[in-house]
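1. I need the structure of the sequence given here:
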Amino acid sequence: MLVDLRGLVSSKDLNKDKLDFLFSLTSHLKNTGKSKLLQDSLIEQSVGTVALIFQEPSTRTKTSFNEAIFALGGRAIDFNIKNSSLTKGESIEETVLNLNSLELDGIVLRSSEEFLPSQLKALNDVDMWIINAGDGKGEHPTQVIGDTFCLMDSIGLSGKKITIIGDVEHSRVAHSLINLWPSLGVDLSLLPTSSFKSDLNSFDTLQEAQDYSDVLYVLRPQSERWSSTDTEILKSYSDITVNSLNENQYLMAPGPVMLGVDISSDLLKHERSLIFNQVNWGLYGRAAVIKYLSEGGNFG
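-> Here you go, the predicted structure:
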């Protein structure tokens, strides 16, 4: 009997209990190491065949999903949109139903259309799972999972003062962070480049943000999602480029970074930069989500 499409489409699907479970699983997978996962007693079955459907470019997210699927004994299909029937007018819903008929096990979707993963999750009688790998300027839940675990492992999470700096309005990562981190005890503030509306505390200057924060979470200009009226955002970056860190202050960024625009080149490999740690935790966090879904779990 077929069931409704399961999956992870929003950071709102996460809660503390689910995150505690995923953190334990992610830590185990990370400590085991990618090359040894297939020999691990926790890996009882392959995660199956998974389609990677990316409507937008990706380096970290797509590669980490591909590597996680392979390490868990599965097979990733790089679904080439330009060579698919989507170019002939087929809807993404019909594509998903066809992939279900071909007995795939899961879909990882990066969409240029906001809320599309949520709409697909509502499909009935589809025996697959779906993961939102970023939907326009909507959300990016697996990025936030990796970032959360990176912080928990390095400096802790609850009570930490973290400021998101940059193009908050157009950043799906920022929207997922705003949904999740305050509920986990983070003192979250913003230094946005536009009049982004939020109930969170906002700073007017980089100096204020640096003086207050334990962690600076820096976003690049999201120019691919700007309208013609948003081009002034880039000019505002001249006032918020992070060129230094205070003592005991940490730096995070979801990538890609634009050196000299959102951060200086000196900070990329700074001893208190967590940027590449985030990438590694993202790999194993995504592996944990895939394993959980492939074994019948669900979010939301």
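2. Just the residues contacting the lowest-mean-pLDDT helix or strand in the chain, thanks.
-> Counting by mean pLDDT, DSSP states H and E, the chain has its least confident helix or strand at helix 232-236, which shows a mean of 80. With contacts defined as C-beta atoms under 8 Å, 6 or more residues apart in numbering, helix 232-236 is touched by 167, 193, 194, 221, 223, 226, 261. In this view, the C-beta of every residue, glycine as well, is placed from N, C-alpha and C.
3. How many neighbouring residues does the fifth one have?
-> Pointing back at residue 223 there. Counted with other C-beta atoms under 10 Å, the neighbours of residue 223 add up to 13.
4. Also the first one?
-> A total of 26 residues lie near residue 167 under the criterion other C-beta under 10 Å.
5. any idea how far the least confident helix or strand of the chain is from the chain center?
-> Remark: helix 232-236 is offset 25 Å from the chain centroid, using C-alpha atoms, centre = their mean, to the nearest Å.
6. go on, stretch 120-129?
-> The answer for stretch 120-129 is 21 Å, by C-alpha atoms, centre = their mean.
7. In that stretch, which residues are buried?
-> For stretch 120-129, burial by neighbour count (16 or more other C-beta atoms under 10 Å) applies to 120, 121, 126, 128, 129.
8. Leaving out chain neighbours, which residue sits closest to residue 90?
-> Counting by C-beta to C-beta, 6 or more residues apart in numbering, residue 90 lies nearest to residue 84, which is 7.5 Å off, once chain neighbours are set aside.
9. Mind jotting down where the helices sit in the stretch 151-300 of the chain?
-> Assigned by DSSP state H, counting those that start in this stretch, the stretch 151-300 of the chain shows helices spanning 172-180, 206-212, 232-236, 275-294.
10. To residue 250, which of the ones you listed lies closest?
-> Set against residue 250 and scored by C-beta to C-beta, the helices of the stretch 151-300 of the chain come closest in helix 275-294, at 9.9 Å.
11. What mean pLDDT does the closest one get?
-> Mean pLDDT, computed over helix 275-294, is 98.
12. Show me what the one helix or strand residue 94 maps to is packed against.
-> Following DSSP states H and E, one finds residue 94 within helix 92-101. Helix 92-101 makes packing contacts with strand 106-111, helix 116-121 when contacts are defined by 3 or more C-beta pairs under 8 Å, 6 or more residues apart in numbering; DSSP states H and E.
13. Check these for me: which has the lowest mean pLDDT.
-> helix 116-121 (a mean of 93).
14. Residues touching that one, excluding its own?
-> Helix 116-121 is contacted by residues 4-7, 9-10, 92-93, 96, 107, 109, 111, 130-132, 135, 300 when judged by C-beta under 8 Å, 6+ apart.
15. then that helix to PDB, C-alphas only?
-> The C-alpha trace of helix 116-121 is given here as PDB (Å, rounded to 0.1, in the frame of the first residue of the first chain):
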ATOM      1  CA  LEU A 116       7.600  23.700  -4.000                       C
ATOM      2  CA  PRO A 117       9.100  21.000  -1.700                       C
ATOM      3  CA  SER A 118       6.200  21.500   0.700                       C
ATOM      4  CA  GLN A 119       3.700  21.200  -2.100                       C
ATOM      5  CA  LEU A 120       5.300  18.000  -3.300                       C
ATOM      6  CA  LYS A 121       5.300  16.500   0.200                       C
END
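16. I'd like the distance from the next helix or strand after it to the chain centre, please.
-> Remark: after helix 116-121, the chain's next helix or strand is strand 129-135, criterion DSSP H and E. The chain centroid and the centroid of strand 129-135 are separated by 9 Å, computed with C-alpha atoms, centre = their mean.
17. relative orientation of strand 129-135 and strand 106-111 in degrees?
-> 20 degrees (axes from the mean of the first three to the mean of the last three C-alpha atoms, to 10 degrees).
18. Work out for me the element the residue nearest the centre of the chain sits within.
-> The centre of the chain sits closest to residue 143, judged by C-alpha atoms, centre = their mean, with a distance of 2.0 Å. Per DSSP H and E: residue 143 is located in helix 141-154.
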